[in-house]
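# Please work out how this folds:
(one chain, ligands or ions: 1)
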Amino acid sequence: MIKVRIPATTANIGSGFDVFGMAFQFYNYVSIEKGTGLDIQIMGESNAFLADPDHNLVIKAAKEVFAKAEEPFTDLAFLFENNIPVTRGLGSSAAAIVGGVVAANAYLGCPFAKKDLFQMAVSLEGHPDNIAPALFGGFTVSLKNKGEYYTSKIIPAKELKAVAAIPSFPLSTKKTRKSLPKEVPFHDAVFNIGRAAALVNAIENGEWTMFSLALEDKLHQSYRFSLIPGAQSVVHAAKKAGALGAVLSGSGPTILAFTIEENCDKIGRAMQKAFAHYSVTSDYRILYTDLQGAFVKKESKM
Ligand code: HSE
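Have a look, this model is predicted:
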């Protein structure tokens, strides 16, 4: 049996819209072994969409790998152990796609290199910023050139931790992308370029003096905050509780705060309280960086 562990991820991280991503030690698992026909079992986080094999992203991704390898997609048993909340901005769809391509590739004896799996996975997701950290781990800077995706991995300074305030309501990326403008003012683009560059230096070298400024963004967050009751207050509450800054995690609705102190619970509780003020129930979770990305374990039948 092949078992793959895939990390939760955040994307954008304020100034790096569609570019920055980061992986966390919070995992989904995809197992694949020989079966009869197509058997799918789901444990943990799910919804009607995931339970349907025609829509399930792990299956879709695995099928793609089998098709490219010219292998029949049959007599397979899948088990998904899902911990990452679905459509909350913590990379559940990237985890499913990466889980699918990595598990299928390992099952078939690795006909494809990791860089090929990256291209396949991004094509299915549509943007690289969650896929890259889910596959490679760490903090990633991704870009597209002439139809091909590239990513560069950075090991974040080890004192950096994140606290995610995860609302109980889902928000689809597709929906929130529709709220974004087709064009942005030139000065907004310049605003983000400086901050994005500073963010890379902060994350890699622990240069925290500009970190709070570096998280700021004018390309997407303000357009999306209107879809999340209390989002702006939650960001303020996190900072007031001692966070270096807080951002929308991916396309939301999760708000992600960053800290280098031992104040994660204080920040989490403050964010939860701020959401509650807007009648939004939420959980908070402390997240440490994952440096490994998707990880394959071959197991004898359990
Ligand atoms: N960059 C994507 C977006 C991430 O903001 O739409 C979605 O997780």
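# How about the secondary structure of the residue in the stretch 151-300 of the chain that the ligand sits nearest to?
Going by CB to the nearest ligand atom, the ligand is nearest to Gly250 of the stretch 151-300 of the chain, at 2.9 Å. The C-beta positions use only the backbone N, C-alpha and C, and glycine is treated the same way. Classification of Gly250 using DSSP: H, G, I helix; E, B strand; the rest coil returns coil.
# pLDDT score assigned to it?
On the pLDDT scale, Gly250 is placed at 96.
# correct me, but it touches Ser93?
No. Gly250 is beyond contact range of Ser93, at 9.6 Å (criterion: CB atoms under 8 Å).
# between these two, who's got more neighbours?
Ranked by neighbour count (other CB atoms under 10 Å), Gly250 and Ser93 place Gly250 first, with 29 against 22.
# I'd like to know which elements the longest helix seen in the chain is packed against.
If you go by DSSP state H, the chain has its longest helix at helix 186-205. When contacts are defined as 3 or more CB pairs under 8 Å, 6 or more residues apart in numbering; DSSP states H and E, helix 186-205 sits against strand 139-145, strand 148-154, helix 211-214.
# Val101: what secondary structure?
Val101 falls in the helix class when you classify it by three-state DSSP.
# Next up, the contacts around it.
Residues counted as contacts of Val101 (CB atoms under 8 Å, 6 or more residues apart in numbering) are Ala61, Ala62, Glu64, Val65, Leu117, Met120, Ala121.
# hmm, back to that, what about the longest helix of the chain, near the ligand?
No. Counting by CB under 6 Å from any ligand atom, the ligand is not contacted by helix 186-205; separation bottoms out at 13.1 Å.
# coming back round to it: mind putting the helices and strands packed on helix 186-205 in JSON lines, distance to the ligand and mean neighbour count included?
Output for the helices and strands packed on helix 186-205, formatted as JSON lines (distance: least, CB to the nearest ligand atom, whole Å; neighbours: other CB atoms under 10 Å):
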{"stretch": "strand 139-145", "distance to the ligand": "10", "mean neighbour count": "19"}
{"stretch": "strand 148-154", "distance to the ligand": "13", "mean neighbour count": "16"}
{"stretch": "helix 211-214", "distance to the ligand": "17", "mean neighbour count": "20"}
